[in-house]
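Novice: Have a look at this prediction, sequence included:
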Amino acid sequence: MQLRLAALALLLSGALPSPAQPALTPAQRQLNIDSFEMVWQTVRDKHWDPKLGGLDWQAIHDELRPKVEKAATLDEARAVMSDMLDRLKQTHFGIVPGEAYREMGAITADADSGPRDGSPGIDARVIDSHVLVTSVEPDSPAAAAGVKPGWEILRIDGKDLAPGLAKIRDSLSSQPTLLDLLQAHAVTNRLSGQIGKSVELQFLDGRDKKVSVKLTRARPRGQLALFGNLPPVHFWVESRTVKPNIGYVRFNLFFEPDSLIAAFQQAVQACQTCDGFIVDLRGNPGGIGGLATGVAGWFTDKQGQRLGSMFLRGATIKFAVFPRAEPFRGPLAILVDGCSASTSEVFAGGLKDLGRARIIGTRTAGAALPSVFTRLPDGDGFQYAVANYISEGGQALEGFGVTPDQEVKLTRPQLLEGQDPVLDAAVSWIEKQKK
Amino acid sequence: MNRSLLRANVIIAAALLAGIALPRLVAADLPKAETILDKYIEVTGGKAAYQKLHSQILSGIFEMSAAGIKGSVTSYRMEPDLAYTEIVLEGIGKITDGSDGKVAWANSAMQGPHVKEGAERAQAMQTTRFNGELHWRETYKTAETTGVEAVDGKDCYKVVLTPAEGPAVTHFYDKDSGLLTKMSLITQTPMGEVPADSFPSDYRKEGDILLPHKVRQSVAGQEFTITIDTVKLNPEIPKSRFDLPDEIKALVNKK
């Protein structure tokens, strides 16, 4: 959930032009100063590295405080605070303009103002600047309307998607790994809405003809999952056998430990003699961090292995894997894409570093840090990370993502033909391991 | 309050993802540690009352209020060193931790079964000793009063207890009441050495023993609270309650 906020905030902070601003009143000026102090103190007190990489944080405060005091506009004050955070040279630290939050509200509320858990049943990715349907949920409104993988989505509720996506691309030049994730989120946000309300889509179908389809949003796939203060989310896990003797599990979130682990237990126990196993994390944005190790325990019998380490202030948490009594020991392929993030990256990156899995697909989102959003006194948002994560191979995932061992991209012709080249590549690799 | 409860929370903290105040008074004539530890036994019921205890069940509420996570906690203990703790949290599932006197273990849907070894096992066995308060001389090779520090505004004697194996544990005892108000330790886990502070409070009499009914814990920057609402002293607990779970047995048999 933090990730979704991060995605939209980053999207909007870069995409919105700031209008000319009036001079600040003394009260507004004070709010900016209070915000500056809050940002400075938060980093000082909560950054995982109390030495802040050797920066003289007090000196930076003393250098910049006069500038925020003199700032004539909110933009100028924000620039001073951003300058302060830029000195850290780390992602997940940023100031999000207050108007960006308001715009985010406008985007998410333009179709309706009720709960937004309804979906037409379409999964989409932006591939080479085109929004392509990558899968259609069986029995969903989209399936009933005949929507097919490979169709290109041109407009949602009368709005062209291309200009907004171009803005996202422009704003992400410094964080390219996030591009797939944020673009997909932008599309998903427009597709989702209140259950029972309709959304009108214009597609380019398989014969390159423009077709308009009105879909009534329905309850999404899966069971409602609750976790603390996070809003309820729908969780699903599917398990099957592909190409007669390969195990396959796909799930949308690292949530619901009882259900998820039971699914893996059943799949692994039924697959002890399988030629291989595939864990499909495409589109999985993560979830509960500890579940990465819990799932990994089904695929190793070696004690003392770790996926990586999370560095917090005053403690280092090693992501230790506890092998299950009867794990799967054969070839393991993990499928990823640019929308695989956070816990998905910890899992995939860790098993790659351990030499236990072959990673197939496209580079992951590079968004592995737990971060917090808070509102500043001046109305802006402030994002900061509370930990750093380094995979077992010594690589920071943040900003880099997990690079696949075998890069396989989806293409429109393949999707239109009903193919899944990423899954096919995994099957092909597993079959080669038999020889 | 038994420290096996604290250990389970370390697992949660690590999965989900404290400051120590500086000594402000070190007097040359601090009371000896054994005097402070013996006084704790005395003010919480006395040696004879502890010796009448042979088993115990505590149950209550486990809460991480900042994250909105809440659930139940139940702890079974029986002499000499049998322990089983179960925490059930919405959205996370069941987390268990125990010892049959030989094997110390932990298990959860989230992370899987795990048999404790080395320093982790040694620390677990120290904390699962029934009536550990009475047996501190056997558990720790040294006990030393190192100063006076304030805990929640009250001056407390700081007592450092060093076991034969593993890192020291620091206890803080209220100078006036003699009650334990804080425990600090470096918890040994496969996830690393995790600093953990525990603050027992709300002491109430159960039978002849004064027990804390609330424990606030700070583990790796995350705050937990355990509130005990039911205490059973000397209940009949079938010994099978402490049998190793099947998943743990399978791991032990593999070795």
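Specialist: On my side now, so go ahead. Numbers count the residues shown, from 1 in each chain, chains lettered A, B, ... in the order given.

Novice: Please identify the helix or strand for residue A:85.
Specialist: helix A:74-86 (DSSP states H and E).

Novice: Equivalent analysis for residue B:203, please.
Specialist: Under the criterion of DSSP H and E, residue B:203 resides in strand B:192-206.

Novice: follow-up on the earlier one: could you look up the next helix or strand downstream of the helix holding residue A:85?
Specialist: Next along the chain from helix A:74-86, counting by DSSP H and E, comes strand A:94-96.

Novice: Report the strands that pair with that following strand, each with its relative direction.
Specialist: As defined by DSSP bridges, the strand partners of strand A:94-96 come to strand A:381-385 (antiparallel).

Novice: average model confidence for the strand it pairs with?
Specialist: The average pLDDT for strand A:381-385 rounds to 82.

Novice: Centre of the chain to it, how far?
Specialist: Put simply, strand A:381-385 sits 17 Å off its chain's centre (CA atoms, centre = their mean, to the nearest Å).

Novice: Stretch A:271-282 too?
Specialist: For stretch A:271-282, the distance between its averaged C-alpha position and the chain's averaged C-alpha position is 23 Å (CA atoms, centre = their mean).

Novice: try stretch A:301-321
Specialist: Averaging C-alpha positions (CA atoms, centre = their mean) puts stretch A:301-321 22 Å from its chain's average.

Novice: Over to stretch A:244-251?
Specialist: For stretch A:244-251, the distance from its own C-alpha centre to the chain's C-alpha centre is 23 Å (CA atoms, centre = their mean).

Novice: By mean pLDDT, which helix or strand of chain B comes out lowest?
Specialist: Ranked by mean pLDDT, DSSP states H and E, the weakest helix or strand in chain B is helix B:4-15, scoring a mean of 47.

Novice: The following helix or strand past that helix packs against which elements?
Specialist: Using DSSP H and E, the helix or strand that follows helix B:4-15 towards the C-terminus is helix B:33-43. The contact analysis (3 or more CB pairs under 8 Å, 6 or more residues apart in numbering or on different chains; DSSP states H and E) places helix B:33-43 against strand B:140-151, strand B:154-163, strand B:169-174. The C-beta positions use only the backbone N, C-alpha and C, and glycine is treated the same way.

Novice: how about the longest one: buried residues?
Specialist: Applying a neighbour-count criterion of 16 or more other CB atoms under 10 Å in any protein chain shown, the buried positions in strand B:140-151 are B:140, B:143, B:145, B:147-149, B:151.

Novice: Give the rounded mean pLDDT of that strand.
Specialist: Confidence over strand B:140-151 (mean pLDDT, whole number) is 96.

Novice: Would you mind naming what in the stretch 201-350 of chain A lies close to chain B?
Specialist: For the stretch 201-350 of chain A, the contact set with chain B under CB under 8 Å from any CB of the partner chain comprises A:225-230, A:255-258, A:261-262, A:288-291, A:293-294, A:297, A:304, A:309-310, A:312-320, A:322-326.

Novice: Tell me which of those residues fall in strands.
Specialist: Those of those mapping onto strands are A:225, A:309-310, A:312, A:315-320, per DSSP state E.

Novice: Give me every residue in chain B lying close to chain A.
Specialist: Taking CB under 8 Å from any CB as the test, the list of chain B residues beside chain A reads B:13-18, B:64, B:67-69, B:90-94, B:108-114, B:189-192, B:194-195, B:220-221, B:247, B:250-251, B:254.

Novice: can you do 6 Å?
Specialist: For chain B, the residues in contact with chain A (CB under 6 Å from any CB of the partner chain) are B:14-15, B:17, B:67-69, B:90-93, B:109-112, B:114, B:190-192, B:194-195, B:220-221, B:250-251.

Novice: Which among these count as buried?
Specialist: For those, a burial check counting by 16+ other CB under 10 Å picks out B:14-15, B:17, B:67, B:69, B:91-93, B:109-112, B:114, B:190-192, B:194-195, B:220-221, B:251.

Novice: quick one: the helix holding residue A:85 to chain centroid distance?
Specialist: Using CA atoms, centre = their mean, we find the averaged C-alpha position of helix A:74-86 to lie 26 Å away from the chain's own average C-alpha position.

Novice: Residue B:182 and residue B:171 touch, don't they?
Specialist: No - taking CB atoms under 6 Å as the definition, residue B:182 is not a contact partner of residue B:171, at 7.3 Å.

Novice: my read: residue A:369 touches residue A:383, true?
Specialist: No - applying CB under 6 Å, one finds residue A:369 not in contact with residue A:383, separated by 10.2 Å.

Novice: mind giving me the domain ranges of chain A?
Specialist: If the domains of chain A are taken from automatic domain parsing, they occupy A:2-106, A:109-216, A:223-366+A:401-430, with pieces of a single domain joined by a plus sign.

Novice: can I get these in a markdown table with mean neighbour count and mean pLDDT?
Specialist: Shown next, in a markdown table, are the domains of chain A (neighbours: other CB atoms under 10 Å in any protein chain shown; pLDDT from 0 to 100):
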| stretch | mean neighbour count | mean pLDDT |
| --- | --- | --- |
| domain A:2-106 | 17 | 77 |
| domain A:109-216 | 18 | 89 |
| domain A:223-366+A:401-430 | 21 | 94 |
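
Novice: Pipe these into CSV and attach distance to residue B:77 per row.
Specialist: Rendered in CSV, the data for the domains of chain A read as follows (distance: least, CB to CB, whole Å):
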stretch, distance to residue B:77
domain A:2-106, 37
domain A:109-216, 45
domain A:223-366+A:401-430, 25
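
Novice: Residue B:186 falls within a helix, correct?
Specialist: No - with the criterion set as DSSP: H, G, I helix; E, B strand; the rest coil, the secondary structure at residue B:186 is strand rather than a helix.

Novice: now it: how far from residue B:197?
Specialist: For residue B:186, the distance to residue B:197 equals 11 Å [CB to CB, to the nearest Å].

Novice: now do residue A:194
Specialist: Look at residue A:194 and residue B:197: by CB to CB, they are 46 Å apart.

Novice: bridging residues for the residue nearest to residue B:45 when sequence neighbours are not counted?
Specialist: Leaving aside its chain neighbours, residue B:45 sits nearest to residue B:209 (4.1 Å; criterion: CB to CB, 6 or more residues apart in numbering or on different chains). Taking DSSP bridges as the rule, residue B:209 bridges to residue B:206.
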